[in-house]
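1. build me a model:
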Amino acid sequence: MMKDIATPQRTKEILNKYGFNFKKSLGQNFLIDTNVLRNIVAAANITEATGVIEIGPGIGALTEQLAKKAKKVVSFEIDQRLLPVLDDTLQPYDNVEIIHSDVLKADIEGTIEQQFQGVDDLMVVANLPYYVTTPILMKLLEEHLPIRGVVVMIQAEVADRIAAKPGTKEYGALSIAAQYYAIAEKVMTVPATVFVPQPRVDSAVLRLTIREEPAVAVQDEAYFFKVFHACFANRRKTILNNLVHNLGTKEKKTAIEEALEEAGIDPRRRGETLSLDEFAKLSDALLKRL
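-> Have a look, this model is predicted:
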């Protein structure tokens, strides 16, 4: 029986065998703790009917644990140097497909149609490179993919921001953007010691369960996003000041005040105190006037 990839010893053997050097620019940190990997897989509720999309498989540590449980795993890997490594480490699993591509440029929907015919239960599971966490998550959410959810290992601080509640210092535009599409939960915190090389920060496993309908109904989704981004442009400013500076002009101040009044929002409040529902009302009220 082959040892799991995610042990310190086997990881070292694989890296030595291929003379692999970590590229800082790609944010490569490989997991060397099988228990953490199994917890990630468990958080995604994967069964033999599940298809999994993985991003950044590295040397295949998480891929292997997913392949043991899932019907099929399709992994996007940007680093060409890892393709022969993955060919080798994942040889025992015939339900894994590696695609050499930058996931941010990839046609994920097309890949799903091609690779997962007849699979109704789809999850995205990944140990994401920290430097591209937000663009990857937003791409997964904004493209309205036919997935049940996303379970990812990301920087703990970013997980806190995504799962944050109104009125907390972590709550911001990212919290609203993610929670508009999904229910966000921080599943566990993961210390830096279970990675090679060790990152400078702790990590966390975040679970996003895709909502059947967005959390709030808005007349114009793109405008709603514009409004809450404007409200957080300067966290020290009131909503009124942020909206005047970032969405309208000084001449539009009266119209913005009227919209705030219609939405029942005190113009002296700050962005981090508003709920998704209040942002939705505000967005619709502004849309009529600006």
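2. show me the helices in the protein, by range?
-> Using DSSP state H, the helices of the chain run over 8-18, 34-43, 61-69, 83-89, 108-115, 133-142, 156-163, 173-181, 221-231, 239-246, 253-262, 276-289.
3. save those as TSV, and put in mean neighbour count, distance to Asp102 and mean pLDDT too.
-> Yep, even glycine has a C-beta here, placed from its N, CA and C like the rest. Below are the helices of the chain laid out as TSV (neighbours: other CB atoms under 10 Å; distance: least, CB to CB, whole Å; pLDDT from 0 to 100):
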stretch	mean neighbour count	distance to Asp102	mean pLDDT
helix 8-18	14	21	94
helix 34-43	18	23	97
helix 61-69	24	18	97
helix 83-89	16	14	97
helix 108-115	14	12	98
helix 133-142	18	10	96
helix 156-163	21	20	97
helix 173-181	22	22	97
helix 221-231	19	24	96
helix 239-246	20	31	95
helix 253-262	17	40	96
helix 276-289	19	31	97
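4. columns distance to Pro197 on top of those helices, output as TSV?
-> Listed next are the helices of the chain as TSV, based on distance: least, CB to CB, whole Å:
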stretch	distance to Pro197
helix 8-18	11
helix 34-43	16
helix 61-69	14
helix 83-89	17
helix 108-115	29
helix 133-142	18
helix 156-163	17
helix 173-181	27
helix 221-231	34
helix 239-246	40
helix 253-262	49
helix 276-289	38
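5. look up the closest residue to Asn127, ignoring the ones flanking it.
-> Once flanking residues are discounted, Asn127 sits nearest to Met153: 4.3 Å by CB to CB, 6 or more residues apart in numbering.
6. and the gap between the one you found and Leu66?
-> 13 Å (CB to CB, to the nearest Å).
7. likewise for Tyr93?
-> The value you get for Tyr93 to Leu66, if CB to CB is used, is 9 Å.
8. overlap in contacts of the two?
-> Here Tyr93 and Leu66 have Val73 as joint contacts, going by CB atoms under 8 Å, 6 or more residues apart in numbering.
9. perfect, I'm done here.
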